[in-house]
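*Asks:* here are the coordinates; sequence isn't available:
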């Protein structure tokens with residue numbers, strides 16, 4: 001139903017919450033980086049919040065509708081046009097058969113989301129349609145979309161045009177290239193001394209261009225460690241940041257030597273480095289909308305606060321947010 005004319009920059013099929021339950025065999029969750037914008041796009045077109053849609057990264061695709069459809073665009077502003085006419089975001093839109101949707105580079109944010117009534121209907125693997133490109137799983141042939149492909153969309157969607165997300169229910173993107181990112185302490189915060197923790201929470205960290213859907217690498221100052229990190233059994237490894245192999249939670253700030261890497265959607269599930277802090281799910285939409293070269297400042301919150309904020313976001317991904 002959607003013919004790919006141009007693929008954009010690693011545009012991929014994703015669903016929410018992704019491929020859960022298979023970390024033990026090496027498959028991460030995948031799914032949308034900005035799950036808030038993604039879920040709202042689906043609500044706009046009458047889909048369940050987790051129906052499969054497209055994540056468009058930095059530069060969006062060009063697509064042709066082969067039949068009538070209701071669609072919506074949320075997230076980054078990629079200056080979308082339908083047959084050359086500019087389109088609004090955060091609103092459901094009707095397309096006729098043969099019309100062309102053209103997306104350009106992201107004017108604000110980093111990732112845009114396209115939902116179509118009925119949802120993209122590619123084959124599901126291990127219970128999810130999400131693309132895990134490094135593992136060659138999900139999506140179409142396990143990879144980002146390519147020119148010449150036709151993306152199937154389920155029939156029977158019940159969307160209608162003219163529905164909008166209320167302004168007060170949309171995520172607000174940073175306009176000054178600076179993001180405040182919430183973190184929770186642990187699981188290995190006791191390996192970093194007080195000075196190191198204070199430095200982490202008061203420093204501006206820059207997102208490196210050496211980042212992808214597996215990990216966001218950060219540039220910043222040196223870390224300092226507790227006595228425990230310097231005086232440990234040999235099986236933990238020689239570097240202060242080394243530890244006996246253990247599981248990595250999604251969002252862990254993985255300290256590989258002196259380089260912190262935020263483990264995001266296609267993350268490795270374990271290894272031998274410490275994770276002093278973890279970015280909770282309620283802050284992931286900020287990671288998904290930030291670009292290399294932009295700045296993070298981290299703010300510590302409790303697990304209870306993170307859970308409460310996640311519930312608020314989930315509550316906003318509902319009919320009550322539509323006008």
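*Replies:* Here it is on my side, so go on. These figures come from a predicted structure and were not determined experimentally.
*Asks:* what about residue 182, is that helix, strand or coil?
*Replies:* Following DSSP: H, G, I helix; E, B strand; the rest coil, the label given to residue 182 is strand.
*Asks:* how close does it sit to residue 308?
*Replies:* 12 Å (C-beta to C-beta, to the nearest Å). No exception for glycine: its C-beta is placed from N, CA and C like everyone else's.
*Asks:* ok, now residue 257?
*Replies:* 35 Å.
*Asks:* quick one: contacts for residue 287?
*Replies:* Contact analysis of residue 287 by C-beta atoms under 8 Å, 6 or more residues apart in numbering lists 33, 181, 216, 262, 264, 279.
*Asks:* and the two most separated of these?
*Replies:* By the measure C-beta to C-beta, 33 and 181 form the most distant pair in the contacts of residue 287, at 13.3 Å.
*Asks:* quick one, which of these two is more surrounded?
*Replies:* Using other C-beta atoms under 10 Å as the criterion, residue 33 and residue 181 rank with residue 33 on top: 26 against 19.
*Asks:* how much space is there between that one and residue 238?
*Replies:* Taking C-beta to C-beta as the measure, residue 33 falls 34 Å from residue 238.
*Asks:* picking up where we left off before, between residue 182 and residue 308, who's got more neighbours?
*Replies:* Set side by side, residue 182 and residue 308 show more neighbours around residue 182, with 20 against 12, by other C-beta under 10 Å.
*Asks:* Number of residues surrounding the closest residue to the more buried one other than its chain neighbours?
*Replies:* Distances taken as C-beta to C-beta, 6 or more residues apart in numbering put residue 283 closest to residue 182, at 4.3 Å, once the chain neighbours are dropped. A count of nearby residues for residue 283, using other C-beta under 10 Å, gives 24.
*Asks:* Under a three-state scheme, what state does residue 283 occupy?
*Replies:* Following three-state DSSP, residue 283 is assigned to helix.
*Asks:* Hmm, it is touching residue 179, no?
*Replies:* No. Under the criterion of C-beta atoms under 8 Å, residue 283 makes no contact with residue 179, lying 9.0 Å away.
*Asks:* Please report how far residue 135 lies from residue 187.
*Replies:* Applying C-beta to C-beta to residue 135 and residue 187 gives a distance of 25 Å.
*Asks:* Oops, could you answer that again for residue 210 instead?
*Replies:* Computed with C-beta to C-beta, the distance linking residue 210 and residue 187 is 25 Å.
*Asks:* ditto for residue 276
*Replies:* Residue 276 is 9 Å from residue 187, by C-beta to C-beta.
*Asks:* quick one, which of these two is more surrounded?
*Replies:* Legend: neighbour count by other C-beta under 10 Å for residue 276 and residue 187, higher for residue 276 (24 against 17).
*Asks:* dump the residue contacts of the more buried one.
*Replies:* Contacts of residue 276 (C-beta under 8 Å, 6+ apart): 185, 186, 188, 189, 191, 192, 197, 200, 253, 255.
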